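J.: Sequence first, predicted model second:
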Amino acid sequence: MVEHNQPKYLIIIQFFLVYLTKNYQKMKRSLISIITCLLLIWVNVKFTAQLNWKNVYAGTEFSMALKSDSTLWSWGFNGNGQLGLGHKNLSNVPAQINSSIKWIGADVGAIHAAAIAGDGSLWSWGLNGNGQLGLGNTTEYSSPQKLGTDTDWAQITAGQVHCLALKQDSSLWAWGYNGTGAAGIETPSDVFSPVEIIPGTKWLTASAGGYHSLGVDEYGNLWAWGDNGTFQLGNPSLSQSFIPTLISDSGDWVEVSAGFQYSLAMKSDSTIWSWGFNGNGQLGQGTNSLVKSPAKIGEFHDWVKIYAGASFSFGIRKDGSVWGWGFNSFGQLGTGDITQKTSPVLIQGIENVVAIAPAKGLYYGGSVYGIHTLMLTEHAESICVAGSNYTGQLGTGNTGGNIYNFECSVGMITDVQNPVLTEENVIVFPNPVFDLLRYRCNSVPLGFEVYDFHGNLIRKEKMPEMIGAIDFSDIPEGIYLTKFTFSDGMVIKKVIKTE
């Protein structure tokens, strides 16, 4: 019983506690929603970064880049509207794409592009002859067009004329050219709207190449599908495959990158592997010989990222050094010469690299085009470029000429204070999480921590890979704050709900 001589504020508090006890179940969901909103507001306020470049993407003759303020920029050839600027005029400097939309991720194919908006919706533009825009038609567009009404897209990867995309539930979807099975649909005809690949399968990552695709499932197994004319699927017994084919069930694959007619992949022990066409040394095996099955590149065990382009490749090691190999006749490796490299060579004069975009390949007139490279270093106040510039794809303000060493002057930003890593550089899904929380980072995190609502540390792990999964099956239902810690001192926080 409440004593009448108690202070009024105690009476109010006791009344509230009684009401809360009686109506707990009704209020539980509302309280969780309020707590989630407050935590999200706190995280966003505390970790708003200063302006810098966040990621880069290179098509065959054009380029695109994302800033930390979620604006998207493009430059280069635009004959098919691939710059997304609403016209088809060439631009030799970065120009902003649809300023009314906030973007969180993107990729480019040979002559088309796709991007994910802040609300999780997916957009595309450019050439569309094979349905590679996923819009249900073959109409060419010069400005971003929305794909359906779904708002749960998490990752997009574009090949020459097809696309793959992961949703937040780890399902994989494909559309575009499927004449040799690149879209992973059993019927050998083009796919004009997103179709799920092996429904019910959860995927860790995927990559769209020239006419083939690669994927890693949640168990770390390696899959491939599409054309296999140069053994880019890694299975010498196949001529092609219209459905995903298991290449390795070793359970230790963490990353894939599909080039034009070849493939790269990385294992959890930080080794990299290659297979497929090798006429330009793009496999990094020290020869020009074709490789039919995955073969390890060199003896390094500290790779953190791999990039396969048209006919040349790059890798980043844990110390931030960048290594390149393959076709180099236009200086696209940035080595200062035009000599082909059949083994990885250290790119001098550039350090602390966090992102690379070798040009995507396009087969035309008996040749494979795609001969420039974009790169970001740690603080990303500008974009580093090398290679050919005949359509303004380097963004230097002119056309013509080649750059043989990386020049870091494109899109210069003068007020940089924070490194390239921002909150959006860490993707976690699904959220709410039921068992496994999947994450994808733009650099290797040092560690991962989970705190409950009272600030108690309940989980702490080392995180040696940029892509992986964390077991949440033993964590009770509720709201949690997760922390990803990086070597530069940056801490990225994500609010996670468990069910």
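T.: That came in fine, so what should we check first?

J.: Isn't Ile297 up against Gln282?
T.: No: with contact defined as Cβ atoms under 8 Å, Ile297 does not reach Gln282; the gap is 10.8 Å. Where C-beta positions appear, they are placed from N, C-alpha and C, glycine not excepted.

J.: what about those two, which has more around it?
T.: Gln282 (29 against 23; other Cβ atoms under 10 Å).

J.: Now do the same for the more buried one: its pLDDT.
T.: We note a pLDDT of 98 for Gln282 in this prediction.

J.: State the phi and psi torsions of it.
T.: phi -70, psi -10 (degrees, to the nearest 10).

J.: Tell me how many other residues crowd Ile156.
T.: Neighbours of Ile156 (other Cβ under 10 Å): 24.

J.: My error: substitute Val353 in the last question.
T.: Using other Cβ under 10 Å: Val353 sits among 24 other residues.

J.: gap between Lys167 and Ile475?
T.: Counting by Cβ to Cβ, to the nearest Å, the gap from Lys167 to Ile475 is 23 Å.

J.: Looking at these two, which is more packed in?
T.: Using other Cβ under 10 Å, the more surrounded residue of Lys167 and Ile475 is Lys167, with 21 against 18.

J.: For Gly81, what are phi and psi?
T.: When read as degrees, to the nearest 10, the backbone of Gly81 gives phi 80, psi 20.

J.: Actually, His301.
T.: Residue torsions, per degrees, to the nearest 10, at His301 are phi -120, psi 40.

J.: so who does it touch?
T.: Asp269, Ser270, Thr271 (Cβ atoms under 8 Å, 6 or more residues apart in numbering).

J.: Check the first one and give its pLDDT.
T.: Just to be clear, that refers to Asp269. On the pLDDT scale, Asp269 gets 94.

J.: thinking again about what came up before, would you mind listing which of the contacts of His301 are buried?
T.: Ser270, Thr271 (16 or more other Cβ atoms under 10 Å).

J.: Now the element after the helix or strand containing Leu264, going C-ward?
T.: Using DSSP states H and E, the element containing Leu264 is strand 262-267. Using DSSP H and E, the next helix or strand after strand 262-267 towards the C-terminus is strand 272-276.

J.: Neighbouring strands - and their directions - for that following strand?
T.: strand 262-267 (antiparallel), strand 291-296 (antiparallel) (DSSP bridges).

J.: Burial check on Asp435, number of neighbours?
T.: Neighbour tally, Asp435, other Cβ under 10 Å: 13.

J.: meant to ask about Gly365
T.: Neighbours of Gly365 using other Cβ under 10 Å come to 5.

J.: Just name the most buried of the strands paired with strand 272-276.
T.: strand 262-267 (a mean of 27; mean count of other Cβ atoms under 10 Å).

J.: what sits in contact with each of Ile297 and Gln282?
T.: Ser274.

J.: what residue ranges in the stretch 1-150 of the chain score low on pLDDT?
T.: By pLDDT under 70, the low-scoring segments of the stretch 1-150 of the chain are 1-50.
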